[in-house]
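1. model the structure of this input:
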Amino acid sequence: MLVAAAVCPAPPLLVPEVAAGAAAELGDARTACSDALAVLAASRPDLLVVVGAADTPDAAGPYPQGTPGSFRGFGVAADVRLGRGDGDGAGPRTLPAPLAVGAWLLEHARWGAAPLEGLAVAADLAPAQCLEAGRRLAAREERVALLVMGDGSACRTLKAPGYLDERAADFDAAAGRALAAADTAGLAALDPGLARELQAAGRAPWQVLAGAAEGAGLDGRLLYEAAPYGVGYFVAAWS
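-> Below is the predicted model:
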């Protein structure tokens, strides 16, 4: 059963070494992420699963505890690991970027409260499949927690990665309301076609969360909401 969840943005810029001179610009987001992770730790889960979008089609699937990740592709010699462990059984795969950012957040928080693993979901996974994946996660242990990594639209301004799209603000507003209220129906209703057009990589992970939280009776709090660089970033805690 899902007992808690934290929702965090997934840009590698959250990692100060990657952001370099711009590191201070996401300082409030990092602080909010730390607060959300504290909620996870307080829930005393038997299992924590880090959920994010697969950044390539072959990256989808589970990642065991100990799987390594890296930010070397972003020009910095910074490596991470998904929790303690030597990565045995991880195979040749390394963490996709959203899970690597989640692993960095957990390392930064000195997570040691429970076993953990990762799940990368295909960015175009249908809502019904996302919901079912979430239900399966929630049934894994008596007390399950999720760290859900994902961004809103990337089309909020003229300089945004996806340029300005007038629909982006309304999409992000709907997502923000659902995350703030732990509204599983609201997350499940996010349109995958519109999310794809707006480059909202958080849609599939958020809908996995919606499936996991069905019937759990969790309350939500939105700890951070902003659109630096024209991308919608949210931090929420459900418990």
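2. lowest-pLDDT helix or strand in this protein?
-> Ranked by mean pLDDT, DSSP states H and E, the weakest helix or strand in the chain is helix 16-19, scoring a mean of 88.
3. got the buried residues for it?
-> For helix 16-19, the neighbour count (16 or more other CB atoms under 10 Å) marks 16, 18, 19 as buried. In this view, the C-beta of every residue, glycine as well, is placed from N, C-alpha and C.
4. swap in stretch 46-64?
-> For stretch 46-64, burial by neighbour count (16+ other CB under 10 Å) applies to 47-55, 59-60, 63-64.
5. cool, stretch 129-137 as well?
-> 129, 130, 131, 133, 134, 135, 137.
6. do you know the pLDDT at the residue nearest to the spatial centre of the chain?
-> Centroid-nearest residue in the chain, with CA atoms, centre = their mean: residue 149, separated by 0.8 Å. Predicted confidence (pLDDT) for residue 149: 98.
7. coming back round to it: please identify which of the buried residues of stretch 46-64 is nearest to residue 113.
-> Among the buried residues of stretch 46-64, residue 48 lies closest to residue 113 (CB to CB), at 7.4 Å.
8. from what I see, residue 131 and residue 211 are in contact.
-> Yes. Look at residue 131 against residue 211 with CB atoms under 8 Å: they come within range, at 3.4 Å.
9. what segments of this structure are helices?
-> Assigned by DSSP state H, the helices in the chain fall at 16-19, 27-42, 97-108, 127-138, 168-181, 184-188, 192-197, 203-213.
10. contact partners for the nearest residue to residue 109 once chain neighbours are set aside?
-> Nearest non-adjacent residue to residue 109, counting by CB to CB, 6 or more residues apart in numbering: residue 37, 4.5 Å away. Going by CB atoms under 8 Å, 6 or more residues apart in numbering, residue 37 touches 6, 105, 106, 109, 111, 147.
11. and residue 81, how far from residue 66?
-> Residue 81 sits 6 Å away from residue 66, going by CB to CB, to the nearest Å.
12. lovely, talk soon.
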